[in-house]
Structure formats: structure tokens, C-alpha cells
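>>> the following block contains a protein sequence and its predicted model.
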2 protein chains.
Amino acid sequence: MSLIVQKFGGSSVANAERVFHVAHIITDTYDQGNDVIVVVSAQGDTTDDLIAKAAQINPAPSKREMDMLLSTGEQISIALLAMAIEKLGYPVISLTGPQAGFVTDSNYGKARIRRIEKERVENEIGKHNIVIVAGFQGMNRYDNITTLGRGGSDTSAVALAAAFHADLCQIFTDVDGVYTADPRIVPNAKKLDEITYDEMLELASLGANVLHNRSVEMAKKYNVNLEVVSSLERKPGTKVKEATDVEKMLIKGVARDNDVARISVVGVPDSPGVAFRLFSTLASKKIDVDIILQSIGRNDSKDISFTVSKGNVEEAVKAVESLKDILRYQSIERAEDISKVSVVGAGMQSNPGVAAKMFEALMDAGINIQMISTSEIKISVLIERKNSTRAVAAIHDAFLADLPQ
Amino acid sequence: MSLIVQKFGGSSVANAERVFHVAHIITDTYDQGNDVIVVVSAQGDTTDDLIAKAAQINPAPSKREMDMLLSTGEQISIALLAMAIEKLGYPVISLTGPQAGFVTDSNYGKARIRRIEKERVENEIGKHNIVIVAGFQGMNRYDNITTLGRGGSDTSAVALAAAFHADLCQIFTDVDGVYTADPRIVPNAKKLDEITYDEMLELASLGANVLHNRSVEMAKKYNVNLEVVSSLERKPGTKVKEATDVEKMLIKGVARDNDVARISVVGVPDSPGVAFRLFSTLASKKIDVDIILQSIGRNDSKDISFTVSKGNVEEAVKAVESLKDILRYQSIERAEDISKVSVVGAGMQSNPGVAAKMFEALMDAGINIQMISTSEIKISVLIERKNSTRAVAAIHDAFLADLPQ
């Protein structure tokens, strides 16, 4: 007898037919003798509809009231899914995030889980109920409803799996696993059977929208056995686990991120403290900076370039402009028609040829590299947007084309 | 400084414009120096939409899951109304029924309020927040969400007014008060300035859909000052209060109820225990019987007629048929094209001429009476549906036409 946590996203429960499809996956798992805890998101476009309703009334509502509003989306889903499972004749109970014991901090809209009070879910499991929990939500210590922000339902599922020492946490999606590249870009991309937490983290942050980083970080911390699996087909997905268990491959995947913009501060005096002033100002405005590149100083002057997500460009430029008197730069340049393309793989740590092979593939494809950033398990390059599809294909071919399908 | 509870129904908050209209009523009350607790229902057709969603999945879901689903409707309303009040620049907080301390029994779908834990609302009032509470819902002692059933939001408002000893509990509706008859039937019907709890109870149960009986019963029990008032126009409504405070009028109103069906059990042996067997069987099936009429026995045989609401006709007939061997009746007759028309007024207790005057008005209008039922403050007659509008007008003219407008 195992305990399995299963998470289903909003599109998986978008209508009555899909709700029953999900209900059958759950009851089959239960029939195999498992205890089952299910986490479910708001149906289809429910969250967007609620946001639109709020916008009609108040373009800047308090985050507390926004969470009060948005949490209803998941509550509708859990009730409907429970009703479908009742219809199939199984014992089931739905629980809101607060009822399931999710205690969070008070950071409305992107709350962090403080702890899970396990008593209620434990009792329901003890009664052999299938337990359906509303993802994405919890309650702070003042008895107010909070939501966990983007990817919150994945995080809810992993947190439950960690708290209850589940044998497996299955994240059901509309793809059947994690691929070596986006199959829409690279037709011969292959599904991976296994991937390490760290590789998954790099892929997620690089635009492979399979799992949200917070959930993978939590899975790594508590050593939760994750599986990304198709909600449409019954076949094995991709297991996300400890590095020691995972087959060593040089490269696990190629990812593209289009939500990136480059800002260059040109002609900054080559004196100490310049970078500190610039990036501490950006940090104080909560602007996340990704890649940073500083040219070598020449003639007492240097250039500093960095990338931010597109939504932060305006604010970042303003922040730089506010430092005009301190930084005494010559000009600010910005580029938004760019992409970040990356290769990810724990194997590259001990293999110095990866960067050279990647750059060769890009050169052969006639693609110019604007910026380069590396970590222990990934290499990212910034290139023109229009070349990004060809770049992904070229890099994929160089590293991954000979993988067994 | 007074404490005022204001309740707004679903049509009052059906869209953004109406939400702001309600928000202005609330903030005006607050500006006059009052503490304000607001109870609000689900927007417009939200509850019906949720019921339809559930029906697609399971025609007979558990009531617990139904309450989990339906309670989201009010939660959406409170968040949106709070956002509107934030937009107007006032301090406000929304609370679900459970957060507002509504503790109920476990009778899902029509739970009764056990008590209100006042601490949270008290704290918010202490912070001078306008408090927006989700009507119609609470939590049982097992931490499950319950709903209060029909008219539940009125009951929520009165319960809060009772618990916090509010100076006034205003029920906002799309009419501007309680009328001597339905103005759509009787154009010269007049608005009442005051009415007693008992009169309001009779009128409500007789089809004047202004206030739900449970809320009026609770208001009577805790002596809550109720006011039925228009959400559309700013003018005084109808005060519902203790009999001693209310102007004594012979008759307060004429009401019609079309949701009524008559069943006659014809040719029952005139022996003891027949009525007991019949009505105990109906009671055991939870079929509410309204008027009962038994003919005087002749030739050792009698007829028993009774009325039920239309939704219970089939089940009631089946129940009677199941007693065929015991009751040894000749036939069952049913009539569904009938109406119940009633006059209500505490004044009639000490005025024996009311019934005669009512019957005379019906005779003059050429309308035949099928059954009669009386209580201390009302007289009801059963007549053909097609005559009911004329009957209401004729009775209203006889008693109420000379009231000052």
C-alpha cells in the first residue's frame, strides 16, 4: 500500500468530460490499493475570468481581497471533481487549502507555505477517503485566505507529498513528460525517462513550462519522488529525482526563453562600486536580473549589460536613469527582440567540451552570440529572436539527435 | 454612533455598476458615523450556474460537496464588493461565513446557525473597518462548509444583528417595502410603514416574497429592528417590529400563493385513526401539509382534503396510494390549477367581521371558495387559479382601498 499524490492542472478539469477523465485516473490508482491525495487547480479560464471581474471594479485591489476572490476558482474545481468521484461510487471528500491545513505567511498573492497541519487529511486518509485538495491556496495565521502565486498548485502537491512522505508525487500535464527540447520547435525531440532536480530547475527557469521552480526546489529539499506524466495517455512520464539515481547523460535538454530583454549601460567610468550601485538599486526595486556581462574597461570606460524579463524593462530603464548622476554613463541601449537559448545537463560539469560544441553548432548555423552565461549544469546564450528556432534545432542536433527514441 | 447591519441580495450586486451603487449606500451609512456590517448574496445567476455545473457531473451529489461548491458564489461577491469600497477609499475587509464566526449544525444545504463566534468581526469593527460578510454560509464543528438554504442571507444578516445588538438591520430589495398586496396584481396597493413580526411571517409564508420566514422568526425571537428598504431609491421602507409598537390596523395585506396543490381522498370509512394514519405517513416522508379539511361523515364515509406545495404532489399521491389497504378509500382526486389567497392582520384577532367581509367580497366577484383555513391573524381561501388576480383585487378593495396613500 502506497500513498500517491496526484496533481491536475486547470485544463485537465476544464469541462465535465475532462473531470470524469481525471476521476477515472484517480479511482484506478485507488483501486490498485493506494491511498490517494489529489491536488487540483481552477478550471480552464476561471482564474482569468475572476481577474477580469475584479479589473472592472478596481484596477488595483488589495492583494488580500484578490486572494479571497481567486481562491474560489480551486474551490469550485475540488467540489466538482469530488462529485464526479462520488458518481463513480468511491468514498471522497474535498478540502480547501485552509481545511487541508496549509498555513502560509501573509504575503498575499505569492504566499510561502509555512507548514501543513496534517490532522484533517490524515483523518480522511484513515477513513479510506480519496482526498481532493484545492491547490494554490492556504491560510495565514490571522485566518485570512492566501494564494501561492504562479505554479502554486504544483507547490501544493509537492508540499503534501513531503509532509505525508508520499511514495510518489505525479504532476499530470498535457504533455507526456520532459523533452530534450520543445517538440514544436524540434520535431525529433525525445522524451526523457529521468532527470535530476537541478536539471529540471534549470529547464523550468529557461522556459520549459512543465513544472514551476518552487515546486522542484521543494521536491529537491524534501527528496520527493516527482513524476511528470500525461493526463491524456496512460504511459510512463519523466521521473524527477536525486542525481545519484539518474542516468548520466552529457546534456538533458535544450530550452528557449523569449521573455527576456537586454539593457546595456554604455560608457560607465571604470571605477569601483559602479556595479554595486547599479544592481543594488535594481534589487531594491525587486527587479530580477538574469545574465550580467561587463566589458573589460578601456580608456577608463566600460559597458555593463544585463537581462531582465520583458515586463520589467521600463522600470529597469527608469532605475538606471535615476542613477545618471552617480553612474555618469553615456547612453542606455535596450533590445527586446532577443531570446535566451540554453543547454542543460548535470553531465557537463565534468565535460569541458560542451560550450565549444554548442558555439560550433551556432557558428555552423551562422548565428551570432550576443551574451554568454554559464553555470555548473547549463550554458545560456543570448541571440536574435528571429534565429532562436534554428538555434534550438542546431544545438539539439549537435547533442541529442542520436538519443534512442 | 450606531451599529447597522445591511443585507444586499444577488440582483443588487449582479454587475460592476450595481456593485458600486451598493458600495455608495454602504459608505454613506459609514460616513454618517455608523459602524457597518454588510451581508451579501451571490451575484445574479451565479448560484444557478453553479447548480447547472454540478448537474452536468452528478445529478445527485452529496450535500456536503454541493455546499462546498455553492459557497463560492457569496465569496466572489464579498471580494468584489470589498474591492469597490476600497476603490471609494474606505477601510473594508471581506469575511467568509466561517471567518465571520458562523457556526452551524451539520444539516448541509439547510443548516441552522448554532452560534456566532464574535471575536473576528468585533476586531474588525474595532479597527473601524466596514465588514463585508458572505451570507448563506457557515461552518459546522467538523470544519466543513455549510449553507443555510433558501433565504439564508436574510438569516445571516438578522443573526449578526442579534449577536451584535445592532440598532437596525436593513434588508435591501428591489421593492421599496412591504405592500398591502402585490402591486403587479393590485395597482392601488399601498406601502406599509410598519408591520409586526407575526404579520410579516404570515405574509412571507403566503407568497409575499420579501423576507424569508426563518429570518423573521429569528428577528422576532431576538427583537431585532428590521427594515425592508429599496436598494434603488433612497426613501424609508417598511419597519418590521414588535406588535406593541405598530399601529393597529384591521388588515395589513392580501397575499396570493400559486405554489399549492390540493389532494382529496374520497370515500374514506368514518372510523377513528384514519386522519392519524394519513398525516403521520405524509410527515414521515417529510411532506409539509398546509390546509387540511375533513368533511362531516355521512353514510359511514367521509372525504379528507389537504394541500401541499406542487413539488410534493407526486410523492404525496404515492404515499396515499401506499395506504390503500388501510384507508380503504374510493378514489384520489388532485387539483393543481388553484391558488391560495389570504388576508393577514393582527387586528382581526379582536374583530369577528373579517371573515364575513372577505367572503362577501369573493361572492360579489362571483368566485367560488374550495377550502377555508384560519389562524389568529390570517384567513386563507383556496380558489381556482384563473380567478386569483380578481380575488386579490376584490379583497384588497374591500379592506384596504381607503388607506391613505
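Ah, there it is.
>>> residue numbers of the stretch 1-150 of chain A in contact with chain B?
Applying Cβ under 8 Å from any Cβ of the partner chain, one finds that the stretch 1-150 of chain A approaches chain B through A:16, A:19-20, A:50, A:53-54, A:56-58, A:61-62, A:64-66, A:68-69, A:71-72, A:75-76, A:78-80, A:82-84, A:86-87, A:93-94, A:96, A:99, A:120, A:143-145. For the C-beta atoms, the positions are set from N, CA and C on the backbone; glycine is no exception.
>>> what about the residues you listed, which are in helices?
Under the assignment DSSP state H, the residues of the stretch 1-150 of chain A next to chain B contribute A:16, A:19-20, A:50, A:53-54, A:56-57, A:64-66, A:68-69, A:71-72, A:75-76, A:78-80, A:82-84, A:86-87, A:120 to helices.
>>> quick one: buried ones out of those residues?
Buried members of those, scored by 16 or more other Cβ atoms under 10 Å in any protein chain shown, are A:16, A:19-20, A:50, A:53-54, A:57, A:64-66, A:68-69, A:71-72, A:75-76, A:78-80, A:82-84, A:86-87, A:120.
>>> give me the residue from the stretch 301-405 of chain A nearest chain B.
Shortest the stretch 301-405 of chain A-to-chain B distance, computed as Cβ to the nearest Cβ: residue-wise this is A:G311, at 22.9 Å.
>>> grab the nearest non-local neighbour of that residue.
If you skip the residues right next to it in sequence, A:G311 has A:D259 as its closest partner in space, 7.8 Å away by Cβ to Cβ, 6 or more residues apart in numbering or on different chains.
>>> enumerate every residue touching the spatially most central residue of chain A.
When chain A is reduced to its mean C-alpha position, the nearest residue by Cα atoms, centre = their mean turns out to be A:H212, at 2.2 Å. By Cβ atoms under 8 Å, 6 or more residues apart in numbering or on different chains, the residues touching A:H212 are A:150-152, A:154-155, A:204.
>>> nearest to chain B, of those?
Sorting the contacts of A:H212 by how near they are to chain B, with Cβ to the nearest Cβ, puts A:G152 at the top with 17.7 Å.
>>> ok, the closest one touching A:T146?
No - under the criterion of Cβ atoms under 8 Å, A:G152 is not in contact with A:T146, lying 9.8 Å apart.
>>> these two: which has the busier surroundings?
The neighbour count for A:G152 versus A:T146, taken as other Cβ atoms under 10 Å in any protein chain shown, is higher for A:T146 (31 against 27).
>>> ok, which stretches of the stretch 251-400 of chain A are helices?
Ranges of helices within the stretch 251-400 of chain A are A:274-284, A:313-321, A:324-327, A:353-364, A:388-400, based on DSSP state H, counting those that start in this stretch.
>>> please read the previous query as pertaining to the stretch 101-250 of chain A.
Listed in chain order (using DSSP H, counting those that start in this stretch), the helices of the stretch 101-250 of chain A are A:119-126, A:152-163, A:197-205, A:213-222.
>>> mind listing what's buried along the longest one?
Going back to what we said before, that points to helix A:152-163. Neighbour-count burial for helix A:152-163 flags A:152-163 (criterion: 16+ other Cβ under 10 Å).
>>> using a markdown table, lay out those residues together with pLDDT and distance to A:K324.
Putting those into a markdown table (pLDDT from 0 to 100; distance: Cβ to Cβ, whole Å) gives the following:
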| residue | pLDDT | distance to A:K324 |
| --- | --- | --- |
| A:G152 | 91 | 39 |
| A:S153 | 94 | 44 |
| A:D154 | 94 | 42 |
| A:T155 | 94 | 40 |
| A:S156 | 97 | 45 |
| A:A157 | 97 | 47 |
| A:V158 | 96 | 45 |
| A:A159 | 96 | 45 |
| A:L160 | 97 | 50 |
| A:A161 | 97 | 50 |
| A:A162 | 96 | 48 |
| A:A163 | 96 | 51 |
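>>> ok, now which ones touch the nearest residue to A:E119 once chain neighbours are set aside?
Counting by Cβ to Cβ, 6+ apart, A:E119 lies nearest to A:G101, which is 6.9 Å off, once chain neighbours are set aside. Counting by Cβ under 8 Å, 6+ apart, A:G101 touches A:116-121.
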